[in-house]
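Visitor: need a structure here:
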Amino acid sequence: MARLSKRIVDAARPSGDDERYILWDESLPGFGLLVLPTGVKSFIYNYRNSRGTKRRATIGKVGTLTPDEAREIADNMATLVKNGGDPLAAKAAAREALTIGDVLDRYLESEKFAEKADSTRLNDRSRIKRHLRPVLGNKYVDDLTAEEIKRARNAIRDGKTAVDEKTGTRGRARVTGGATVARDSIGLLRAILNWAIEQKLTVNNPVASIKLGSNATRDTILEGPDDYTRLFQTLATMENEQRIRSPAADAIRVIALTGARRGEITKLCWHHVDLKAGSITLPPAAHKTGRRTGKPRIIALPAAAQEIIARQPKRGADDFVFAPAKGNGPLNINKPWRDVRAEAGLPEGIGLHGLRHSMASMLAMGGAQASELQAALGHSTVSMAVQYVHWADDARAALAERAAAPALAGMAAAGGAPAADVLPMTKKRQTK
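Guide: Below you'll find the predicted structure:
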């Protein structure tokens, strides 16, 4: 026996009598080089498990590992054996362990995923395929750490999962990074791991310890009447100049007036509408929260929204209220909205969903309670609506501070209060 070195390993040759043989390492009992009649050479480790059974673990073939690397692995196996473990059993368990990719596959096949709205499923699939799977798919779910998730989030944020590729004959997928994409992707992973815990696929969710922050895009809203004036004037101008189709312009108007979700209006069918009652009734399968609650969603229509819907050409009960330019629909208003937003000079970050948040924010500023907001927005729980109430309280407090600033400055000048005591408080409330 001798210590297995590169020279000894390279010099080892088949025996010539069709027999395999082993060169044992003198420095580590059980560690050796197995040489087959074919000339294939592999590092091995022989041991007895806790029940006294002889076992042989193949560490790896020569060429994929150096003798020193193989010896280190064998040494780790020896330590495991001393502590009552079994390297082969551990290796088998590792092969059966679920990776994040396995969990993602099971989630995509689950009832939980199937219950989501079409648009949400589309977004989930994109985040899984383009972001989560590339950076975390090969990680074992039980071994996943918060640090690995933070690195994955940073990789997505910094554009390391970005791609620009053709999809089909005409399509193109342009996937970018950014803070919002990273936050939404890791937020989806958190929800998936919570589901995995419920399904007993894992026992831990390391994402739970990570603060994801708020979504800056959703904080972008129309600030007041001036923004709405520019929005509706631009819609009228572009429609009169035939730069936007009337159904698209009207769909945007109804979203702004009702705070409905984009899909609730673009996929609206005539049998959902009751103009006499002034309402829209969406069955559970036709709105986001209905898939979870099993309840219909009723959207009250203000008079202006009723007039807009009433002027749409009437067709069959199952036809879309806002007709697409071609095909069976539904209407796509993403590009028209971007054109309208740019021409109206609206905040760059505001999407169609921002019109929904704008209406909710205005209602909250007007004194609406969380339960009223929940009903208006069709949220499944009141907790989603509470955030608007808190925002409105903060906004009113900041507004009160700004309104009082001149009087406070006068008070300070008159000696009623030192300016140094007044200004920091005002600044603090404004930036809350």
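Visitor: in the stretch 51-200 of the chain, what residue spans correspond to helices?
Guide: Using DSSP state H, counting those that start in this stretch, the helices of the stretch 51-200 of the chain run over 67-82, 87-96, 100-108, 111-114, 118-127, 133-136, 146-157, 179-198.
Visitor: mean pLDDT lowest where, among those helices?
Guide: In terms of average pLDDT, helix 87-96 trails the rest of these, at a mean of 77.
Visitor: now that one: buried residues?
Guide: Within helix 87-96, the residues scored as buried using 16 or more other Cβ atoms under 10 Å are 87-88. Backbone N, C-alpha and C define where each C-beta goes, glycine included.
Visitor: one more: stretch 61-81?
Guide: 62, 65, 67, 70-71, 73-74, 77-78, 81.
Visitor: cool, and stretch 323-332?
Guide: Under 16+ other Cβ under 10 Å, the buried positions of stretch 323-332 are 323-324, 329-331.
Visitor: do the same with stretch 151-162
Guide: 152-153, 155-157, 161.
Visitor: any chance of those in JSON lines, plus distance to Leu268?
Guide: Output for those, formatted as JSON lines (distance: Cβ to Cβ, whole Å):
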{"residue": "Ala152", "distance to Leu268": "39"}
{"residue": "Arg153", "distance to Leu268": "37"}
{"residue": "Ala155", "distance to Leu268": "40"}
{"residue": "Ile156", "distance to Leu268": "34"}
{"residue": "Arg157", "distance to Leu268": "36"}
{"residue": "Thr161", "distance to Leu268": "35"}
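Visitor: I'd assumed Trp24 was in a strand, is it?
Guide: Yes. Counting by DSSP: H, G, I helix; E, B strand; the rest coil, Trp24 is located in a strand.
Visitor: what bridges to it?
Guide: Note on Trp24: beta-bridge partners by DSSP bridges are Gly32.
Visitor: does it touch Gly32 like I think?
Guide: Yes. Counting by Cβ atoms under 8 Å, Trp24 touches Gly32, with 4.5 Å between them.
Visitor: so between those two, which is more surrounded?
Guide: Gly32 (23 against 15; other Cβ atoms under 10 Å).
Visitor: OK, contacts around Ala152?
Guide: 132, 135-136, 186 (Cβ atoms under 8 Å, 6 or more residues apart in numbering).
Visitor: can you give the contact residues for the one helix or strand Asp250 maps to?
Guide: Assigned by DSSP states H and E, Asp250 belongs to helix 246-258. Identification of contacts with helix 246-258 by Cβ under 8 Å, 6+ apart yields 228, 231-232, 235-236, 238-239, 260-262, 265-266, 299-302, 304-305, 308-309, 311-312, 322-324, 331, 333, 336-337, 340, 352, 355-356, 358-359.
Visitor: packing partners for the helix or strand just after it?
Guide: Counting by DSSP H and E, the element after helix 246-258 in chain order, helix or strand, is helix 262-266. Applying 3 or more Cβ pairs under 8 Å, 6 or more residues apart in numbering; DSSP states H and E, we find helix 262-266 packed against helix 118-127, helix 246-258.
Visitor: give me the helices and strands touching the helix or strand just after helix 262-266, please.
Guide: Proceeding N to C from helix 262-266, the next assigned helix or strand is strand 273-274, under DSSP H and E. Under the contact criterion of 3+ Cβ pairs under 8 Å, 6+ apart, strand 273-274 touches strand 279-282.
Visitor: how many residues are close by the residue lying closest to Ile73 once chain neighbours are set aside?
Guide: Closest residue in space to Ile73, ignoring its immediate chain neighbours: Ile59 at 5.1 Å, by Cβ to Cβ, 6 or more residues apart in numbering. Residue neighbour count, defined by other Cβ under 10 Å, stands at 22 for Ile59.
Visitor: wait, isn't Ile59 in contact with Pro67?
Guide: No. Between Ile59 and Pro67 there is no contact under Cβ under 8 Å: 10.5 Å.
Visitor: what touches both of the two?
Guide: Common neighbours of Ile59 and Pro67 (Cβ under 8 Å, 6+ apart) are Phe43.
Visitor: what lies in contact with stretch 290-306?
Guide: So stretch 290-306 is contacted by 115-117, 253-254, 257-258, 260, 264, 275, 278-287, 289, 309, 376, 378, 380 (Cβ under 8 Å, 6+ apart).
Visitor: what subset of the residues you listed is buried?
Guide: Going by neighbour count (16+ other Cβ under 10 Å), the contacts of stretch 290-306 have 117, 253-254, 257-258, 260, 264, 280, 282, 286-287, 289, 309, 376, 378 buried.
Visitor: against Val181, how distant is Asn123?
Guide: Going from Asn123 to Val181 by Cβ to Cβ, to the nearest Å gives 11 Å.
Visitor: between the two, point out the one with more neighbours.
Guide: Val181 (21 against 15).
Visitor: that older thread, now, which of the buried residues of stretch 61-81 sits nearest Gln199?
Guide: Within the buried residues of stretch 61-81, distances to Gln199 taken as Cβ to Cβ reach their minimum at Met77, with 32.9 Å.
Visitor: isn't that closest one right up against Pro87?
Guide: Yes. Under the criterion of Cβ under 8 Å, Met77 makes contact with Pro87 at 4.2 Å.
Visitor: what is in contact with these two at once?
Guide: 45, 47, 57.
Visitor: make a ChimeraX selection of the buried ones in these.
Guide: A single ChimeraX command selects the buried members of the shared contacts of Met77 and Pro87 (16+ other Cβ under 10 Å):
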select :45,47,57
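Visitor: the shared contacts of Met77 and Pro87 in strands, which ones?
Guide: Using DSSP state E, the members of these that fall within strands are 45, 47, 57.
Visitor: which residues sit in contact with the second one?
Guide: This points to Tyr47. 30, 54-55, 57, 77-78, 81, 87.
Visitor: do the same with the last one
Guide: For Ala57, the residues meeting the contact criterion (Cβ under 8 Å, 6+ apart) are 44-47, 77, 87-88, 91.
Visitor: perfect, I'm done here.
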